[in-house]
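J.: build the 3D model from these lines:
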Amino acid sequence: MKTLLAVLLLSGFAVNWAFETCSSDKCNNSCKNRCGDKPDKSYSCQCNAHCERFGDCCNDYSICSYIDQELNEVPHHGSSDIDDKSHEAAYTDKSDIDDDSHEDPYTDNSGTDISKSDIKAVSEILYQSDVNKAADADITLNKQEMSENTKKKDDLCDHPLYKYVNEEIFKRPTYKAFINLMDNYDRKTGKDETFTEEEIEEQKIFLKEIMKTKVMKELYKFFHKKGLYTNEQKFVDDLKKMWFGLYSRSSGEQDSSGFEHVFVGEVKKGKISGFHSWIRFYLLEKKKMIDYYSHNYDGPWTTYPDVLGKQFEWDGFYKQVGTQIIGSSPEFDFALYSLCFITRPGKKCTVSMGGHEIDIQTYEWTKTTYGKDKKFIATAYPTF
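T.: Next comes the predicted model:
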């Protein structure tokens, strides 16, 4: 264990050195912003799966494991880089244009274009508006060991991740409504999901409660100014369909939805997929159904919300890398992922949280649609 700790500490030093000594977006000797890039001889080391075979990975290549491996199981994402044609004008990709001249982040010169700076500005507003987030005193984490190789399935941690959570925050309306949804799903793909009248009502209550918050009010305000939704009810109706609408991840059964995948978690082919809710993780860990193995990323945030990439076992099933925003309210996660899915579907979406940038990756479900060829959410999660 001492030898392993020494290796991890040295590795951590190498990662920090590479990040701190490089001021550019992409570094010659680091995987910073290069995960998954094609081999490039102009760099001294590489950051894709082939580098493991050729032995030319950067020292901090382990950060690339944050990419959600669940998508390797989903071949239907081939067209995820193509925007929904019915919204092509609204979702014009201006990610290479950073217009910092907007004094009002909601100012819209073109009527529908949404720039990278627009997304960063409104995401920062969402972050600042999250009054229901956990305070520093509400959560105590016990992160323990950091893992370099997440494929080994080594349980490096003897204790749970959550040492303490102030469960009084779960009595807040949005938390309560969110938690009530957790038992409405069967985690195994291949089994039809059917909702009772009570469960459908719980979905409506959740949407109703989060729409009362400033976080969701600000998100709607942004989209309304951009001309994407003419009124709040149409916005809510669309959210309900894209998040809670059922589709099949297997052989025809209506066995999945964006909400189930992202927030509740699923099991497909013996592996955990999705599962990006810190609340869900804590509640299952408390029931001793989650075994926390290690973490391989700890974000730069010193207050909540924070971001952690971790490895864990859920009732016999393993998650190689799972990223979660920790300490955020349900409405914040829901708003941030919705913002990125609607504005940058199937692409990386750079947001700002407390002055720190982070990428949110979303994917569209392309096999089936709702409305006028609109896409369901396949997944959404933080990536590095």
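
J.: and the next helix or strand past the lengthiest strand in the chain?
T.: Secondary structure of the chain per DSSP state E: the longest strand is strand 356-370. Heading C-terminal from strand 356-370, the first helix or strand you meet, by DSSP states H and E, is strand 374-383.

J.: next up, the contacts around L239.
T.: 207, 338 (C-beta atoms under 8 Å, 6 or more residues apart in numbering). Backbone N, C-alpha and C define where each C-beta goes, glycine included.

J.: for it, helix, strand, or coil?
T.: helix (DSSP: H, G, I helix; E, B strand; the rest coil).

J.: tell me the pLDDT of it.
T.: Note for L239: predicted pLDDT of 98.

J.: hmm, back to that, using PDB, list the CA coordinates for the longest strand of the chain.
T.: C-alpha atoms of strand 356-370 as PDB (Å, rounded to 0.1, in the frame of the first residue of the first chain):
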ATOM      1  CA  HIS A 356     -13.900  27.300 -13.400                       C
ATOM      2  CA  GLU A 357     -14.700  25.900 -16.800                       C
ATOM      3  CA  ILE A 358     -15.800  22.300 -17.300                       C
ATOM      4  CA  ASP A 359     -17.100  20.400 -20.300                       C
ATOM      5  CA  ILE A 360     -20.500  18.700 -20.300                       C
ATOM      6  CA  GLN A 361     -20.900  15.900 -22.800                       C
ATOM      7  CA  THR A 362     -24.400  15.100 -24.100                       C
ATOM      8  CA  TYR A 363     -25.600  12.500 -26.600                       C
ATOM      9  CA  GLU A 364     -28.900  12.300 -28.400                       C
ATOM     10  CA  TRP A 365     -31.000   9.200 -28.700                       C
ATOM     11  CA  THR A 366     -31.200   8.800 -32.500                       C
ATOM     12  CA  LYS A 367     -33.300   5.600 -33.000                       C
ATOM     13  CA  THR A 368     -36.600   7.200 -32.000                       C
ATOM     14  CA  THR A 369     -37.900  10.700 -31.700                       C
ATOM     15  CA  TYR A 370     -40.800  12.700 -30.200                       C
END
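
J.: list the neighbouring strands of it plus their orientation.
T.: Paired neighbours of strand 356-370 in the sheet (DSSP bridges): strand 348-353 (antiparallel), strand 374-383 (antiparallel).

J.: what mean pLDDT does that strand have?
T.: On average, strand 356-370 scores 93.

J.: just stretch 376-384 next, same as before
T.: Stretch 376-384 comes out at a mean pLDDT of 93.

J.: same check on stretch 325-340?
T.: On average, stretch 325-340 scores 98.

J.: could you number the chain from 22 rather than 1 from now on?
T.: Renumbered: residue one is now 22, and that last one reads stretch 346-361.

J.: pick the most deeply packed of the strands paired with strand 377-391.
T.: strand 395-404 (a mean of 24; mean count of other C-beta atoms under 10 Å).

J.: could you check how far that strand is from the centre of its chain?
T.: Centroid separation for strand 395-404 versus its chain: 8 Å, with C-alpha atoms, centre = their mean, to the nearest Å.

J.: got the CA positions of it in CSV?
T.: Extracted as CSV, the C-alpha positions of strand 395-404 are listed here (Å, rounded to 0.1, in the frame of the first residue of the first chain):
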residue,chain,number,x,y,z
LYS,A,395,-36.9,16.0,-31.7
LYS,A,396,-34.4,13.8,-30.0
PHE,A,397,-34.5,12.3,-26.5
ILE,A,398,-31.6,12.6,-24.2
ALA,A,399,-29.4,9.6,-24.2
THR,A,400,-26.9,10.8,-21.6
ALA,A,401,-25.3,13.8,-20.1
TYR,A,402,-22.3,14.1,-17.7
PRO,A,403,-19.2,16.2,-16.8
THR,A,404,-16.1,15.3,-18.7
